[in-house]
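Trainee: Here's my sequence, what's the structure:
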Amino acid sequence: MRTTVLSLLFLVFSATLRAATAPEPSKVENPSIDMKGYLHVANEAALHRESHRIAEEEFIRLSNEPGTIILDARSGEKYDQLHIKGAVNLSFPDIAIETLRQALPDRNARILIYCNNNFRNAEEAFPSKIARASLNLSTYISLYSYGYRNVWELAPLIDIEESKLAFEGTELERKTDATIKRQ
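Mentor: Numbers count the residues shown, from 1 in each chain. Okay, here's the model as predicted:
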């Protein structure tokens, strides 16, 4: 009985101590950061995205239609190493009101996106991210937040060596140079 009473007192004391030392939620407001709004639009974008994921063949077909923009939101360094031929680079951290206005002025234009997690066997240019942190997700939500609704995402994981997409970049040039030197 005494052990039970002591255990109960210890639990009450521990809970009281935790409550007293827990950090108080911040009361500092910043109208430029809206977590509730972000979560709302992220859920809305997730529903929209379900009907905007396409296979490699459809991605290629759409990319050949006039007015279609292929957007690569990886870093400039990774883009320079290897990217889908004809893609425009706007690094994700640089997506903002003015950069979007300059790079993608027509919110109704068809935009095709892809990311690191769409390709395997090119780890240097397309380093894998954990699935829930895939750049496609962040890019899609961000573009949706800015009012872009004609966004299409490359859906599959594709072996870079077997892809039907055309690529360009310094990594491809290095491989071509190495192949020429071996011949």
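
Trainee: Point to the residue nearest the middle of the chain.
Mentor: Leu135 (1.7 Å; Cα atoms, centre = their mean).

Trainee: quick one: contacts for that one?
Mentor: Contact partners of Leu135, counting by Cβ atoms under 8 Å, 6 or more residues apart in numbering, are 73-74, 92, 115-117, 129. From N, CA and C alone the C-beta is placed, and that goes for glycine too.

Trainee: before we move on, what about Ala125?
Mentor: With Cβ under 8 Å, 6+ apart, Ala125 has these contacts: 78, 81-83, 169, 171.

Trainee: Of the residues you listed, which belong to helices?
Mentor: 78, 81, 171 (DSSP state H).

Trainee: was I right about the last one contacting Glu124?
Mentor: Yes - applying Cβ atoms under 8 Å, one finds Glu171 in contact with Glu124, separated by 6.5 Å.

Trainee: and for these two, which residues touch both?
Mentor: Gln81.

Trainee: quick one: which of those two has more around it?
Mentor: Glu171 (19 against 9; other Cβ atoms under 10 Å).

Trainee: ok, that one to Tyr114 distance?
Mentor: Separation of Glu171 from Tyr114 (Cβ to Cβ, to the nearest Å) stands at 16 Å.

Trainee: Nice, that's everything, thank you.
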